[in-house]
Every structure is written in C-alpha cells, then in structure tokens.
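Novice: Starting from these lines, generate the structure:
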Amino acid sequence: MDMTDKVVLITGASRGIGEAAARGFAAAGAKVALAARGKDRIASIAGEIGSSAMAIPCDVSRFWEIEAAVGATLAEFGRLDVLIGNAGAIEPISRMAEADPDDWGKVIDINLKGVFYGMRAALPVMLEQGGGTVLTVSSGAAYAPVEAWSHYCSSKAGAAMLTRSLHKEYGDLGIRAMGLSPGTVATEMQREIKASGINPVSQLDWSDHIPPEWPARALMWMCGAEADPWLGEDVNLREDEIRRSVGLI
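Specialist: Below you'll find the predicted structure:
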C-alpha cells in the first residue's frame, strides 16, 4: 500500500508489532513517529529507518506524555494521519486471588487508559484536518476470559469498546476507527506468557505464533478503503478472508 507523505504515530514502537509497523509504514513511504518508553531502542530503530522517522520517549499511561508526543509529531512532520495504539503489557500474569492490586492497575493504565489518552490527544488534530485513522491493537482476550489474564482481558475489552465509541461519535466526521486482533504473535510478550506456564496459551509452540510483520501489514491494509466494512470493529487476522485481503495467503 502506498503511504507516501502520510504521517503515522505508533506507540509501543520499540519492539514486536510496533517496531515492525514502523519499518513497514516507512518502507511504504510514510513518515513515522516511534513512541515508547525504551528511548535508546526507538532511537536506534529511527536511525536505521532514516530521515522519515523520529523517536519520542513516551509513557502512554501518562496523558501529558502522549499529548506531548502528538505535539512533537506535528512539529516535525506538520500533520497526523494515522495513530496506532499498540503499547501493551501483560505482566504480572496471576490469578485474581493472588494478583497485586497496584500491578493489576498498571496494566489497565497502559492497555486501556493509554489507548484513550492516545485517542484524546490525536482527535483534536485529526478533526481539524478533516479526518484521520485510529487503529488499536486488540486481542481475542477482549471477548473471552483467559486464566490469570483478568487485567489483560478486561483492558482489551475496554479498548475494543473505546474503538466502537470513537466510531459512533466521530465516524461521520472523518475519523476511521478500527481494532486489529492479530492472534498470537512471536513477540517478547509471548515469551512472558510462555514463562508463566499458566493456561493453554503458554503451552503453544513458538512455531504456532505468526511473525510481527503480519499484523504490521494488516495495519497498513486497514488504512485503506478496502477495510471500511470493519469500521468501528475489530479485524480478526486469524480469519483466512482477512489474510487473503492483506495478501498473506
């Protein structure tokens, strides 16, 4: 897909899906802003991409930081066409009776409040421009409980509702809101899941996980009109129909 001169801000861009998306969008011609807590890593990735990329240290659980990231993107590239809310956490994995309340809440701060903060920071800019695309990395955990993932499932369910709410409130004003449910992806998060040894997901073989480049390609496809039938909903990358549309099979 041609993304020439489009400006894309990606949270959680220091590894996994976020890193793959940054590289993929840049290769398609976009200008990319990489936001993450790992400032050295995003600086390295942006340096490898070149002048079409910038690194922005950012903790999405703090609204003022994601608001500053949007401002920095505007200052450097002049506009914001796509926001990808990818930053996410799952540790510590624990059953509810054993979960530390503060640690449980930190996952909510990142996976749910961080998604809202990104939307809240980007919306005024996109509305003034006349439109934009807001994509959130969702999960099958948004729709079905998984043992020891109460924080993750709850936060992803909330984020899916944020996507639906965004579409309902601003879909008629040019805001394209969608989520991507990628399935299990070969990222550092999957290593954390496997190390926990809890629930069937941790028992999956590494070869069962798709590479992060697959959801990155799906996110680019979601920026085009072909994905419009899924506006306000999650795109399920486990479905063959979607994989064909994206060009993966």
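
Novice: Do me a favour and get the end-to-end distance for stretch 83-97?
Specialist: 36 Å (CA to CA, to the nearest Å).

Novice: tell me the mean pLDDT for that stretch?
Specialist: What stretch 83-97 shows for mean pLDDT is 95.

Novice: Could you give me the buried positions within the helix or strand bottoming out on mean pLDDT in the chain?
Specialist: Every helix and strand of the chain was ranked by mean pLDDT, DSSP states H and E. The lowest is helix 188-196, at a mean of 84. Buried residues in helix 188-196, counting neighbours by 16 or more other CB atoms under 10 Å, are found at 189, 190, 193, 196. Using the backbone N, CA and C atoms, a C-beta is placed for each residue, glycine as well.

Novice: immediately after that helix, which helix or strand?
Specialist: helix 213-221 (DSSP states H and E).

Novice: Pop out the phi and psi values for the residue lying closest to residue 87 once chain neighbours are set aside.
Specialist: Once flanking residues are discounted, residue 87 sits nearest to residue 12: 3.3 Å by CB to CB, 6 or more residues apart in numbering. When read as degrees, to the nearest 10, the backbone of residue 12 gives phi 60, psi 40.

Novice: Hmm, residue 12 is touching residue 20, no?
Specialist: No. Using CB atoms under 8 Å as the test, residue 12 is too far from residue 20 to be in contact (11.1 Å).

Novice: In terms of neighbours, single out the busier of these two.
Specialist: residue 12 (28 against 23; other CB atoms under 10 Å).

Novice: Give me the distance between the residue nearest to residue 87 and residue 4.
Specialist: Distance of residue 12 to residue 4, computed by CB to CB, to the nearest Å: 24 Å.
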